[in-house]
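> sequence and computational prediction follow.
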Amino acid sequence: MSRGRSGRGRAGNGTAGERDPAGIGTAGERDPAGIGHRGMGPKSKNKPGGKKAEKKEEEVKLNEGDEAEREEAARLEKERLERERMARLEAKYQEQKESELAELNSLEQKFLSAQQWKMEYREHEKWEHCLSCDGIPDPTVPQQINTFMSLWREDQDEDVQLVMEKGEQVLNLIEKLQLLLMDTPPNEMTAKEAVQYQESILELQDLLHQKYNEATQHLLKTASMYEDSETGNMQAVIKDKNVTFCIWVNLRKKVRSKTHVFSDAQHGFDVPKSLVLNSAAVRILHTRYDHVSPLWLQCQGLPDLEALESKELAEHPKDNAEEPGEEEKKAREEPSVPAEEETCPAGRKKSVVSLKETSNNMEDVNETEEETEKKSEILDRSSQEGDPLAQEETRDKEEAAAAANFVDLQRFMPVGGVFHIDALQLPPQVVEVNDWTMVELVDVGLEVYPYSPEEAEDATESIIQITLGLPDSVVYFDSPVVARWDPEAQQWRTDGISNIKYEAQEKSITFVMSGFYTVALLQDAHLNMPYKAWELQPTGVDEALLVVTTDLATIQIQIKGNQCMLSSVVVEEKDVLSHITGQWMSPLALRAALKRAGVNIFPGEYSHNYVPVTRKAALAEVKACQQMALVAPAFAFASSRWNGAAGPEHVVFKVREHLEADSVQDNSWSLYMFNGQKAQKLKITETSEAFSEEIEEDSEFHSTLYHLLKDFASKAAMDKVEGASCLFMDVVYQLLLTTRVLTYS
């Protein structure tokens, strides 16, 4: 018994409890709550380490918070310093503005000097012409030009070759008047003089075409004397650099003579059977000039961007930025006559209409009072007989259908001249009796053959198929639009012409007509817009090279003194337009020659409706062109990818000093931004990821591009700028303004 109690006593001993995890005593002191260690053991073991982790985490958060606060403070401090720097630059810009503009105004006197020189040169030319006494009239003197035309009208020599020779002289007179209208400032030409010059142009054009008609009639009277032994008919091809005259006369009336090709001109035709069986002739008169289209197309001077900007501000004083869709719709809804008037040089709005009235080769488009009254009566009766709303809707549909056939001459331009395709009545032929030659005299002039396709029994018999060989002097980038002239509406239209087949390799186009028309081949005027790139760089003293690169061509224009020259036009790695390359001429003459040849890099007033570009404010565009021209003798300029991203109020371009061609590296370009009133050098480069207006660290704001470039230019460069010719600067300015590279690139 005693042993049993002794055992129990040992079991209750405190020392034994320490060895027993489930016991009490010392172990119980470690667990005041009386909870066993088996369930909470891990938490109890890691508690000191967890506090350390929490503490460390709190320290990290505190450090991160301190770092963010320091970064925020640094950012705010940087912004404060930047604001202070910009404020200092702005204050300095305002302080220097007046003096810089005064200095720029002094430099811009060179443009006035160039205008003065051109005015004196025109007077000198006039005087030299008077002294020459070469028999060529001065087209600006009414008495001389009227006498010239009267004498030629009375001249009975009707040989085609002689008409061509005289025609070249007439074309030179017309070109001289056109250039005067384009190049003479409004303050040097009165409205009366402008009207007189345009009237003279239209009268000369009409007289020249009249002479070709007289020569045709003379040739038709003697057609039997030139009968071809093989075909029994008569054919002739006479041509020079301005005109190709083709005529075929049906003498034998053989059905197999239905198709004919003028091999020397690559023109051909397939005429209806009814025409082959009658005494008729077919004439294809190809004039490489266009005396048919409205005169305003040929009389556009330098773009008047400042006037356009003023007009836009007047129309939209609050918000000048329209949606592109609304703008395009609005431009297309504008009537054609105001568009013509606006596109013509200032002070010449009346002349376009008045000259249409005086032209004999264009029918009058203005309605007479009698015709107007008749139309009013018809409309009044119609309104009484039916529903006015329904009738108005019908008229609107008819007008819309008719308008759809008219060519938009703001979008398309005639290229390659005009083809006058006529069916003519054969006059009485010369008859030889013994030693006598007799001919019946008919005093009716050249008669048009009365062809009516509706009278043909078989539709296939009324087909008039024409094949035209395309001239080498024109670049057709795409299948041209074939249009016929409507003398009543005074517009080109596309209805009545079908089955057009364009052969680019053979350089020919074939189509079917419902009648005999005067036709032209038109091309989208904006195929070469927007430009892929452009660059202007000096190449010598008062010399420079302007290169415009488009998706379809690369055009190089050399500038020297007061003239420019087309150096090359490369299309698909081939040089084209050799007939006008290498010839020195004025910028306006070069523009006219390139447009006639189908290479148009000269945007019109409404070109922004057809080309996806950011329209630049006139202030920025004009001022930039002027100041680029001022420093062009020593600096090169080029297009920048950021120009469009800068918005409508700013232009962005690349600039570098260019004294020696070999010393310039491609990476030496800097970016400049200008809005017409403030110029700055940008921190970004062409390879930057995004556009930014941030100013370069070591640069300042200036009110002119000239003074900004002066900060970084060498003395040699500025000396070259100051010593440059005013005529050179004026030519550069005209080319920059007519190509509008700052907007259309």
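Arrived safely.
> tell me the domain boundaries of this structure?
Following the TED database, one gets these domains for the chain: 142-297+409-432+445-452+460-524, 533-739.
> quick check: mean pLDDT of the last one?
Per-residue pLDDT values over domain 533-739 give a mean of 93.
> off-centre distance for that domain?
16 Å (C-alpha atoms, centre = their mean, to the nearest Å).
> for the domains of the chain, which one sits closest to residue 64?
Taking C-beta to C-beta, domain 533-739 is the member of the domains of the chain nearest to residue 64, at 28.7 Å. To be clear about C-beta, it is placed using only N, CA and C from the backbone, and glycine gets the same treatment.
> what's the first-to-last distance across the closest one?
Terminal residues of domain 533-739 are spaced 12 Å apart (C-alpha to C-alpha, to the nearest Å).
> going forward can the numbers begin at 5, since that is how I track them
Yep, numbering from 5; the last one is domain 537-743 now.
> the domains of the chain: which one's closest to residue 86?
Between residue 86 and the domains of the chain, the tightest spacing by C-beta to C-beta is seen for domain 537-743, at 9.1 Å.
> from the contact counts, what lies against the helix or strand harbouring residue 55?
Secondary structure assigned from DSSP states H and E places residue 55 in helix 41-111. Contacts defined by 3 or more C-beta pairs under 8 Å, 6 or more residues apart in numbering; DSSP states H and E place helix 41-111 against helix 709-716.
> dump the helix it packs on to CSV, restricted to CA.
This file holds the C-alpha atoms of helix 709-716, laid out as CSV (Å, rounded to 0.1, in the frame of the first residue of the first chain):
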residue,chain,number,x,y,z
LEU,A,709,12.1,82.3,-88.1
TYR,A,710,15.0,84.5,-89.3
HIS,A,711,16.1,85.4,-85.7
LEU,A,712,15.7,81.9,-84.4
LEU,A,713,18.0,80.5,-87.1
LYS,A,714,20.4,83.4,-86.4
ASP,A,715,20.9,82.1,-82.9
PHE,A,716,22.5,78.9,-84.2
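> contacting residues for residue 270?
Counting by C-beta atoms under 8 Å, 6 or more residues apart in numbering, residue 270 touches 471, 472, 473, 511, 512.
> buried subset of those as a ChimeraX selection?
Filtering these down to the buried ones (16 or more other C-beta atoms under 10 Å) takes a single ChimeraX command:
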select :471,472,473,512
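> and which of the contacts of residue 270 is nearest residue 659?
Nearest to residue 659 among the contacts of residue 270 is residue 511, at 42.6 Å by C-beta to C-beta.
> quote the end-to-end distance of stretch 690-706.
Termini of stretch 690-706 sit 22 Å apart (C-alpha to C-alpha).
> rewinding a little: so which of the domains of the chain is nearest residue 81?
With C-beta to C-beta as the measure, domain 537-743 is the member of the domains of the chain nearest residue 81 (17.2 Å).
> what about residue 524, which SS state?
Of the three states, residue 524 takes strand under DSSP: H, G, I helix; E, B strand; the rest coil.
> that one bridge partners, please.
residue 422, residue 487 (DSSP bridges).
> relative to residue 212, how far out is it?
Distance, residue 524 to residue 212, by C-beta to C-beta, to the nearest Å: 17 Å.
> then residue 131?
Distance from residue 131 to residue 212, by C-beta to C-beta: 28 Å.
> over to residue 423?
According to C-beta to C-beta, residue 423 and residue 212 sit 16 Å apart.
> now do residue 659
In terms of C-beta to C-beta, residue 659 sits 49 Å off from residue 212.
> equivalent analysis for residue 294, please.
According to C-beta to C-beta, residue 294 stands 13 Å off from residue 212.
> and if you look at residue 237?
For residue 237, the distance to residue 212 - C-beta to C-beta - is 28 Å.
> next: residue 468.
26 Å.
> do you know how far residue 83 is from residue 91?
The spacing between residue 83 and residue 91, counted by C-beta to C-beta, is 12 Å.
> one step back: widest-spaced pair of the contacts of residue 270?
Using C-beta to C-beta, the contacts of residue 270 span at most 11.3 Å, a distance reached by 471 and 511.
> can you give me the neighbour number for the closest residue to residue 624 other than its chain neighbours?
Spatially, and ignoring its direct neighbours in sequence, residue 624 is nearest to residue 680 (4.4 Å; C-beta to C-beta, 6 or more residues apart in numbering). When neighbours are counted by other C-beta atoms under 10 Å, residue 680 registers 22.
> ditto for the one 4 residues further on
Here the count is done by other C-beta under 10 Å, and residue 684 has 23 residues near it.
> need the nearest residue in space to it, chain neighbours excluded.
residue 699 is the one closest to residue 684 (C-beta to C-beta, 6+ apart), at 5.0 Å.
> likewise residue 520?
Counting by C-beta to C-beta, 6+ apart, residue 520 lies nearest to residue 427, which is 4.6 Å off, once chain neighbours are set aside.
> next, the contact list for that neighbour, please.
Taking C-beta under 8 Å, 6+ apart, one finds 275, 279, 284, 285, 286, 452, 453, 455, 520 in contact with residue 427.
> let's see it at 10 Å
Counting by C-beta atoms under 10 Å, 6 or more residues apart in numbering, residue 427 makes contact with 273, 275-276, 279, 282, 284-287, 452-455, 468, 519-520.
> distance check, residue 653 against residue 286.
As judged by C-beta to C-beta, residue 653 and residue 286 stand 59 Å apart.
> pick out whichever of the two has more residues nearby.
Neighbour totals were compared for residue 653 and residue 286, and residue 286 leads with 23 against 12 (other C-beta under 10 Å).
> please, where are all the strands along the stretch 355-504 of the chain?
Per DSSP state E, counting those that start in this stretch, the stretch 355-504 of the chain carries strands over the ranges 416-429, 435-437, 440-442, 468-473, 485-490, 495-497, 501-507.
> re earlier: who's more crowded, residue 131 and residue 212?
Neighbour comparison, residue 131 and residue 212: the larger count goes to residue 212, with 23 against 10 (by other C-beta under 10 Å).
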